[in-house]
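Novice: take a look and give me a structure for this.
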Amino acid sequence: MRVKSIGIFIAVVVVILAAGVGSVQLLKSAGIWNLMQPFTVTVKNETDKDIVIIEAGLVQGESKVALNRTVRSGKTYKFKPDLNVQGENGVYMTHTNADGETVQTSVCGYTESLSGSAKVTVGDRVEVEQDCY
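Specialist: Purely as a prediction, here's the structure:
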């Protein structure tokens, strides 16, 4: 009897874990998972030279964070800007490109909760894929 109870217990645990994993996958496929995550910026340097990320900040207001982070050629850097958003706002990132030119890029055009993500690809031009809330 005891072996049967242990077997049933293990089966129930497996079903619960599978349902949990399935729920996360469902949330991800529906795009809801990203809504619940802190805002993250992923910068991919596709140039043949290093770039320097100087800062990230809110479009309206004084909240910004200095990064001074070098992203080597061909490398990727991910960060979560620690910004204080209140109400409607947007997020920018400033970097220095290979020619020494400072470039400011909108990485989230609209946010109220500073959640979601942005993927920034720096190459011949800067491309941003925004999925922020």
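
Novice: so residue 53, which of the three states?
Specialist: Classification of residue 53 using DSSP: H, G, I helix; E, B strand; the rest coil returns strand.

Novice: what are the bridge partners for it, then?
Specialist: Beta bridges link residue 53 to residue 69, residue 95, judged by DSSP bridges.

Novice: ok, it - contacts?
Specialist: 43, 67, 68, 69, 70, 71, 77, 79, 93, 94, 95 (CB atoms under 8 Å, 6 or more residues apart in numbering). Backbone N, C-alpha and C define where each C-beta goes, glycine included.

Novice: ends of stretch 95-108, how far apart?
Specialist: For stretch 95-108, the first and last residues are 15 Å from each other (CA to CA, to the nearest Å).

Novice: right, and residue 129 touches residue 109 too?
Specialist: No: Residue 129 lies out of contact with residue 109 (CB atoms under 8 Å); the separation is 11.8 Å.

Novice: with adjacent residues omitted, what lies nearest to residue 52?
Specialist: residue 96 (4.6 Å; CB to CB, 6 or more residues apart in numbering).

Novice: could you give the number of residues near the one you found?
Specialist: 15 (other CB atoms under 10 Å).

Novice: residue 119 versus that one, what's the distance?
Specialist: 20 Å (CB to CB, to the nearest Å).

Novice: repeat for residue 37
Specialist: Taking CB to CB, one finds residue 37 at 14 Å from residue 119.

Novice: ok, the residue nearest to the spatial centre of the chain - contacts?
Specialist: Closest residue to the average C-alpha location of the chain: residue 40 at 2.3 Å, with CA atoms, centre = their mean. Taking CB under 8 Å, 6+ apart, we find residue 40 in contact with 78, 79, 80, 116, 117, 118.

Novice: residue 63 too?
Specialist: 57, 83, 84, 85.

Novice: how about TSV for those, with secondary structure, distance to residue 124 and neighbour count added?
Specialist: What follows is the contacts of residue 63, written out as TSV (DSSP: H, G, I helix; E, B strand; the rest coil; distance: CB to CB, whole Å; neighbours: other CB atoms under 10 Å):
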residue	secondary structure	distance to residue 124	neighbour count
57	strand	25	20
83	coil	29	17
84	coil	34	11
85	coil	32	20
